[in-house]
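>>> how does the following fold in three dimensions:
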Amino acid sequence: MKLMFASDIHGSLPATERVLSLFRESGAKYLIILGDVLNHGPRNALPEGYAPAEVAVQLNTVADKIIAVRGNCDSEVDQMLLHFPLTAPWQQVITEQQRLFLTHGHLFGPDNLPPLSAGDVLVYGHTHIPVAALKGELFHFNPGSVSLPKGGNVASYGMMDGNKLQVLALNDQRVIAEGAINP
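Numbering: from 1, shown residues only. So this is what the prediction gives:
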């Protein structure tokens, strides 16, 4: 199964438009959004093209293809604009080979792991820093941020194709981080 991951949109319309364009071209079955969708948050600068209401309109065009989790900047008011569920603190995707535990990263994350089995994948955002690495018995995957990258990184998103996970640069699809999860 092919999946696309985006995190920490923070209301950026240009980032949303780019993500949706890439999603349509990718052949991915679902777009997984790892929280912080509409609001920039009090500790972040306004991202380029900050237009939360228009971001909602654009994402709603593929609402039936979105699996999302709530980030620390998301609220019930945001849910009123979105046609896909956003208020779950975590979700799971089960493949034939493993479980992907989806979370924003502020409740569960690398420093506060949920109960997972060897070979499972922790998928999170929140830090805005790309990760695709085996850590102990779990694979950690963070697609970075599509709007407000941190740590000297560029805006990025993630792709899963079979057992291969990649973090790709939003603007030129250059591979930033990658790894294979064991089947």
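
>>> ok, now how distant is residue 48 from residue 122?
Here residue 48 is placed at a distance of 29 Å from residue 122 (CB to CB, to the nearest Å). For every residue, glycine as well, the C-beta is placed using N, CA and C.

>>> please say which of the two ends up with more neighbours.
Higher neighbour count among residue 48 and residue 122: residue 122, with 23 against 12, using other CB atoms under 10 Å.

>>> and after the one helix or strand the more buried one maps to, which helix or strand comes next?
With elements delineated by DSSP states H and E, residue 122 resides in strand 121-123, which encompasses its position. Per DSSP H and E, strand 121-123 leads on to strand 131-135 as the next helix or strand towards the C-terminus.

>>> now find how far off-centre that next one is within its chain.
15 Å (CA atoms, centre = their mean, to the nearest Å).

>>> contacts only, for residue 131.
By CB atoms under 8 Å, 6 or more residues apart in numbering, the contact set of residue 131 is 140, 141, 142, 167, 177.

>>> quick check: the gap between the fourth one and residue 98.
As defined by CB to CB, residue 167 lies at a distance of 18 Å from residue 98.

>>> so these two - more neighbours on which side?
residue 167 (24 against 20).

>>> any buried residues in stretch 168-182, and which?
168, 169, 170, 176, 177, 178, 179, 181 (16 or more other CB atoms under 10 Å).

>>> make that stretch 149-160, sorry
For stretch 149-160, burial by neighbour count (16+ other CB under 10 Å) applies to 149, 153, 155, 156, 157, 158, 159, 160.

>>> pLDDT (mean, whole number) over that stretch?
Taken as a whole, stretch 149-160 has a mean pLDDT of 97.

>>> can you get me the start-to-end distance on that stretch?
Its first and final residues considered, stretch 149-160 spans 20 Å by CA to CA, to the nearest Å.

>>> repeat that for stretch 78-97.
For stretch 78-97, the end-to-end distance is 34 Å (CA to CA).

>>> is residue 146 in a helix, a strand, or coil?
With DSSP: H, G, I helix; E, B strand; the rest coil as the basis, residue 146 sits in coil.
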